[in-house]
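*Asks:* take a look and give me a structure for this.
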Amino acid sequence: MTTRASIAAKLDDFAFQKVNFGGFLMNKRAKNSHALWTRASEKGVTELTILASRDFGEGNVYDVAAFTLDGNVPEHLLSELRTEADRLADRINLREHGYVYTCLEPWDGGGSIWISKKPEFRALSRPDEGVYVIPIQRLSGLGEPRWLAWARDAGQLNIAVVYKP
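*Replies:* Have a look, this model is predicted:
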C-alpha cells in the first residue's frame, strides 16, 4: 500500500527521484530536486484534491488541484473551491495555464517561472488556511495526479507531482 510516508522515504533515494523527476541534461532536474529535498528540514508528501478537469483530447488533460501540507483540504472549503475552480477553468483557457511540476520548484513560480505571472491560482489559494491551488498539465499516460512532494527551503514552498510512487 502506497502511503505518504513510504513515498517520502523513497524521495531520499536519488534513483527514485531520477525515475520521477529525471530527464534530459544528465538528469539535472532530478539532481537539483534531490539536493533541495535532502537539505530541507521541513518536507513531506501529501495528496492532491482535483477540483476541476478539462480533457482536450489525445491525452491532453488539465486539472485545477488543491493541497495542504498535511493532506486534508478542509471539507468546509471543498465545495467552494470546486465551484470557483470550475468557473475559472471555463473562463480561462486552462490549457494555457497548466504546468507539469516535474521537479521540486516554487509552488507559485517564485518569480522565476511563468506560473508566477498567472495570479488566478494564487487567488484561489488560501495560504493563511494552508490550502494551495495549482494548475496541472497531466503527463500523458500516467493517469490522474494523486501525490505531491513538498519541501520548504529558505521560506519558499517547493512542490512536485509524484506520478510513480
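
*Asks:* only C-alpha atoms from now on, for both contacts and neighbour counts.
*Replies:* Noted.

*Asks:* tell me the helix or strand right after the lowest-mean-pLDDT helix or strand in the chain.
*Replies:* Here the helix or strand of the chain ranked lowest by mean pLDDT, DSSP states H and E is helix 24-39, holding a mean of 82. For helix 24-39, the following helix or strand on the C-terminal side (DSSP states H and E) is strand 42-47.

*Asks:* list the buried ones in stretch 67-81?
*Replies:* Across stretch 67-81, burial judged by 16 or more other C-alpha atoms under 10 Å covers Phe67, Thr68, Leu69, Gly71, Val73, Leu81.

*Asks:* can you tell me the element Pro135 falls in?
*Replies:* Using DSSP H and E, Pro135 falls in strand 132-137.

*Asks:* coming back round to it: quick one: which of the buried residues of stretch 67-81 sit in strands?
*Replies:* Phe67 (DSSP state E).

*Asks:* among the buried residues of stretch 67-81, which pair sits farthest apart?
*Replies:* The largest distance within those, taken as C-alpha to C-alpha, falls between Leu69 and Leu81 and amounts to 16.9 Å.

*Asks:* rewinding a little: looking at the strand holding Pro135 now, give me its mean pLDDT.
*Replies:* Strand 132-137 carries an average pLDDT of 91.

*Asks:* and the angle for the very next helix or strand once past it with helix 24-39?
*Replies:* As assigned by DSSP H and E, the chain's next helix or strand after strand 132-137 is strand 147-153. Here the directions of strand 147-153 and helix 24-39 differ by 70 degrees (axes from the mean of the first three to the mean of the last three C-alpha atoms, to 10 degrees).

*Asks:* what sits against Ile124?
*Replies:* One correction, residue 124 is Leu, not Ile. Applying C-alpha atoms under 8 Å, 6 or more residues apart in numbering, we find Leu124 in contact with Leu81, Glu84, Ala85, Tyr132, Val133.

*Asks:* poorly predicted segments of the chain, please.
*Replies:* For the chain, the stretches with pLDDT under 70 are 1, 23-27, 109-116.

*Asks:* try it again at 90.
*Replies:* Scanning the chain for pLDDT under 90 picks out the ranges 1-2, 15, 17-32, 55-61, 71-72, 90-103, 105-123, 127-128, 137-145, 163-165.

*Asks:* hang on, isn't Val100 packed against Leu139?
*Replies:* Yes - counting by C-alpha atoms under 8 Å, Val100 does reach Leu139; the two are 7.0 Å apart.

*Asks:* higher neighbour count, the two?
*Replies:* Leu139 (19 against 13; other C-alpha atoms under 10 Å).

*Asks:* show me what contacts that one?
*Replies:* Taking C-alpha under 8 Å, 6+ apart, we find Leu139 in contact with Val100.
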